[in-house]
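In: Make a model of this:
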Amino acid sequence: MRRFLPDEALASAALFLMTLIPLVEMAVRPLFGKGIDNAPLLVQHLGLILAMFGALLAERGGHLTSLGNSLGSARDPRVRAAAGLFAHAAAALLCGLLGAASWAFVASELDAGRELAYGLPVWTVQAAMPLGFLLLGMRLGARCAPAGLARPLVGASLAGLGFLLARHFDGSTLSFAPFAVALLAALLAGAPIFAVLGGLALGLFWSEGQPLASVPLSHYQITVNPSLPALPLFTLAGLVFARSGAAGRLGTLFTACFGGGATGSAVAAAVLCSCFTAFTGGSGVTILALGGLLLPLLRDAGLPERRGISLVTSASALGVLLAPSVPLIMVAIIARVPINTMFLAGLLPALVMVLCLLLVGGYLRSTPRAGAPVAAPSAGVPPGVGLRAAIWAARWEILAPVVAIGALASGIATPTESAALTAAYALFTQAVLHREVDATLLRRCLADCAQVIGGVMLILGMALGLTNYLVDAGIPDAAVDWVQATLPNKFAFLVALNLFLFVAGALMEIYAAIVVLVPLLLPVAVSYDIDPVHFGVIFLAVMEMGFLCPPAGMNIFFASAMFARPIREVAVSVLPALLAIFLGALIIAWVPWLATGLPALFALH
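Out: This is a model prediction of the structure:
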């Protein structure tokens, strides 16, 4: 087994402790009347360490999100090389700027003397921000130089230059226009989105002569949000299920439940992909985990291969409305809605989206190949006995949503404790009961989770810094006045909202879209008497289309790689699904009860 590198060790240790501390807290609190001192704060600040060192892991693995189809993917090798050089150099400088701004924030906390727990000063954990940004800048800058001693020197020089520039000009008023042009060029060249968003926020605060520490303050605030530790913990649970044999057992169960003909297999695939995405936190993970299992099943049942690829690709986007999906939790946090309320609010809309996909998308029609036998409705699974056997084999996986949602809905666990319980349940069932997760695979799950969360948290933190500036500048209030003067009624606004979010979903990564757009659009929606819960569900329903639209539609790229098909072919195959999902989003927008009915029934909203 290869040795742990420092970033992987720190990120994995933080994630492990984030799982362990809530479990210990749940166990000892009933016995002794109190648990670990400031346990929630400890877990929240471990999330900051996970975010920063997970981002370093993501950079090492080449998983920091950038603009799709940028100049970095141009056909001309000279253009690619020049774009890569500029993108990495700009990102390194921006990381240096963010490192300096973060240090200014940490320095302001030194005098406060606040303690986290057991005598540990808060600033010692906050110091992970400037350290993380500077290390990121050094690594990104090192990619500008050939292999050898020049790489660390170039990386340190670029990150250090950015640090010194920010320290020198902090508090000054600088023109925003040149900064905006440079940032646009960096984005088009392929610089990571977090660096461009952070740079944009810094440039706006700079143009007003305001302290640059406002940007890392926003990153810190969202990273230590009380509900945010649920994100990595649910993601870890999903990755454990995805990397074990859970996918195969669930596939067998759903096939046995819905039958193995063309109709049953299509329904089983759509429901399974949706549920799996809710747990894994990424539709791309679902395509990779289930694609090889489901495509042969659909093909043998009578669906043409192209339609099968389309179904798996599009159905994997529908899980964001189901608990415990990461985007669903994010919308609840940003919109200040209880997480358990959003969990209930997404159930009926998710069902509507799956039905629209199957019926409008045409996936229930079978057109068997000439001479090819069509599987019998049972697909080799004997009725009754086969179903019972499939249920028994997947019994532990079936109970996972009960553990996740039941602990939260019953009130015995907070969102973080519920997520930790789910992660521990996934590890116990797959490692101990099924014996499919060993130490090597567990390490891989921890590292992959840290990469995903680290990359996402950087985008969220920088996007929130930008959003806070826009809110302080009164942009939401101006938007409310303008929209109300332009759109005469609620229904006109809903149509415009759906169209706008469709375009935004195609151009923006979903987590950045949530943090940037929800605070701006929610006041406008409320002004039209749209419930915040209903708005959040509409937002996510339309954003599901963004997974299927280039350049941000990553499902197309995952499916192209998984099924060895050209990107153009996959993109064309999902066009019926896009129409179906858009129709489903309109139904959800026009029937508020679909989102608010269950929360009202359970008196949660």
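
In: Leu116 falls within a strand, correct?
Out: Yes: per DSSP: H, G, I helix; E, B strand; the rest coil, Leu116 lies within a strand segment.

In: do you know how far the spatially closest residue to it that is not a sequence neighbour is from Ala128?
Out: Of all residues not flanking Leu116 in the chain, Val122 sits nearest, at 5.0 Å (Cβ to Cβ, 6 or more residues apart in numbering). For glycine as for every other residue, the C-beta is placed from the backbone atoms N, C-alpha and C. Per Cβ to Cβ, to the nearest Å, Val122 is found 11 Å from Ala128.

In: Also Cys356?
Out: Taking Cβ to Cβ, one finds Cys356 at 44 Å from Ala128.

In: Ok, Arg568 next?
Out: Noted for Arg568: a distance of 43 Å to Ala128, by Cβ to Cβ.

In: More neighbours: which of the two?
Out: Ala128 (22 against 11; other Cβ atoms under 10 Å).

In: quick one: that one and Gly47 touch, right?
Out: No: look at Ala128 against Gly47 with Cβ atoms under 8 Å: they stay out of range, at 10.5 Å.

In: which stretches of the stretch 51-200 of the chain have low pLDDT?
Out: 66-74 (pLDDT under 70).

In: And for the stretch 451-600 of the chain?
Out: Short version for the stretch 451-600 of the chain, where the test is pLDDT under 70: 550-554, 561.

In: can you rerun that using 90?
Out: Residues of the stretch 451-600 of the chain that meet the criterion pLDDT under 90 lie in 451-521, 523-524, 527-528, 542-579, 582, 597-600.

In: residues contacting Ile412?
Out: Met26 (Cβ atoms under 8 Å, 6 or more residues apart in numbering).

In: If you count neighbours, what's buried in stretch 460-471?
Out: Neighbour-count burial for stretch 460-471, counted by 16 or more other Cβ atoms under 10 Å, picks out Leu460, Gly461, Met462, Ala463, Leu464, Gly465, Leu466, Thr467, Asn468, Tyr469, Leu470.

In: Kindly report the same for stretch 571-580.
Out: Buried, per 16+ other Cβ under 10 Å, within stretch 571-580: Ala571, Ser573, Val574, Pro576, Ala577, Leu578, Leu579, Ala580.

In: In PDB, please show the C-alpha coordinates belonging to the helix or strand where the last one lies.
Out: When secondary structure is defined using DSSP states H and E, the element that contains Ala580 is helix 575-590. Presented in PDB, the C-alpha positions along helix 575-590 are these (Å, rounded to 0.1, in the frame of the first residue of the first chain):
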ATOM      1  CA  LEU A 575     -32.800  15.600 -26.200                       C
ATOM      2  CA  PRO A 576     -36.200  13.800 -25.500                       C
ATOM      3  CA  ALA A 577     -35.200  13.600 -21.900                       C
ATOM      4  CA  LEU A 578     -34.500  17.400 -21.800                       C
ATOM      5  CA  LEU A 579     -38.000  18.000 -23.100                       C
ATOM      6  CA  ALA A 580     -39.500  15.600 -20.500                       C
ATOM      7  CA  ILE A 581     -37.600  17.100 -17.600                       C
ATOM      8  CA  PHE A 582     -38.600  20.700 -18.600                       C
ATOM      9  CA  LEU A 583     -42.200  19.600 -18.800                       C
ATOM     10  CA  GLY A 584     -41.900  18.000 -15.300                       C
ATOM     11  CA  ALA A 585     -40.400  21.200 -14.000                       C
ATOM     12  CA  LEU A 586     -43.300  23.300 -15.400                       C
ATOM     13  CA  ILE A 587     -45.800  20.900 -13.700                       C
ATOM     14  CA  ILE A 588     -44.000  21.300 -10.400                       C
ATOM     15  CA  ALA A 589     -43.900  25.100 -10.800                       C
ATOM     16  CA  TRP A 590     -47.600  25.300 -11.600                       C
END
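
In: what's the spacing between it and its chain's center?
Out: 22 Å (Cα atoms, centre = their mean, to the nearest Å).

In: Could you do stretch 406-423 as well?
Out: Here stretch 406-423 shows a centroid-to-chain-centroid distance of 20 Å under the convention Cα atoms, centre = their mean.

In: Need the distance between the two termini of that stretch.
Out: Using Cα to Cα, to the nearest Å, one end of stretch 406-423 lies 14 Å from the other.

In: Can you list the residue ranges for helices in the stretch 201-350 of the chain?
Out: Using DSSP state H, counting those that start in this stretch, the helices of the stretch 201-350 of the chain run over 214-223, 230-243, 246-258, 262-280, 283-301, 305-315, 326-334, 339-345, 347-360.

In: likewise the stretch 451-600 of the chain?
Out: Counting by DSSP H, counting those that start in this stretch, the helices of the stretch 451-600 of the chain are 475-486, 490-507, 510-527, 532-546, 554-563, 567-573, 575-590, 593-601.

In: Please work out which of these is packed deepest.
Out: Across the helices of the stretch 451-600 of the chain, averaging neighbours per residue (mean count of other Cβ atoms under 10 Å) puts helix 532-546 on top, at a mean of 26.

In: what's the angle from that one to helix 593-601?
Out: Orientation check (axes from the mean of the first three to the mean of the last three Cα atoms, to 10 degrees): helix 532-546 against helix 593-601 gives 140 degrees.

In: just checking, what packs against helix 532-546?
Out: Using 3 or more Cβ pairs under 8 Å, 6 or more residues apart in numbering; DSSP states H and E as the contact test, the elements touching helix 532-546 are helix 326-334, helix 339-345, helix 347-360, helix 490-507, helix 510-527, helix 575-590, helix 593-601.

In: what's the angle from that helix to helix 347-360?
Out: 30 degrees.

In: could you dump helix 532-546 to PDB, C-alpha only?
Out: Output of helix 532-546 as PDB, limited to C-alpha atoms (Å, rounded to 0.1, in the frame of the first residue of the first chain):
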ATOM      1  CA  PRO A 532     -39.300  29.400  -0.400                       C
ATOM      2  CA  VAL A 533     -39.700  25.500  -0.200                       C
ATOM      3  CA  HIS A 534     -41.600  25.600  -3.500                       C
ATOM      4  CA  PHE A 535     -38.900  27.800  -5.000                       C
ATOM      5  CA  GLY A 536     -36.100  25.500  -3.900                       C
ATOM      6  CA  VAL A 537     -37.800  22.500  -5.500                       C
ATOM      7  CA  ILE A 538     -38.400  24.400  -8.800                       C
ATOM      8  CA  PHE A 539     -34.700  25.500  -8.800                       C
ATOM      9  CA  LEU A 540     -33.400  22.000  -8.400                       C
ATOM     10  CA  ALA A 541     -35.900  20.500 -10.900                       C
ATOM     11  CA  VAL A 542     -34.800  22.900 -13.600                       C
ATOM     12  CA  MET A 543     -31.200  22.500 -12.700                       C
ATOM     13  CA  GLU A 544     -31.500  18.800 -13.400                       C
ATOM     14  CA  MET A 545     -31.500  19.700 -17.100                       C
ATOM     15  CA  GLY A 546     -28.100  21.400 -16.600                       C
END
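
In: Now do that helix against helix 554-563: the angle between them, please.
Out: Helix 532-546 runs at 40 degrees relative to helix 554-563, counting by the same axes, to 10 degrees.

In: can you offset everything so residue one is 31?
Out: With 31 as the first residue, the last one maps to helix 562-576.

In: How far off centre is helix 562-576?
Out: Using Cα atoms, centre = their mean, the offset of helix 562-576 from its chain centre is 14 Å.

In: Stretch 568-581 now?
Out: Chain-centre distance of stretch 568-581: 13 Å, with Cα atoms, centre = their mean.
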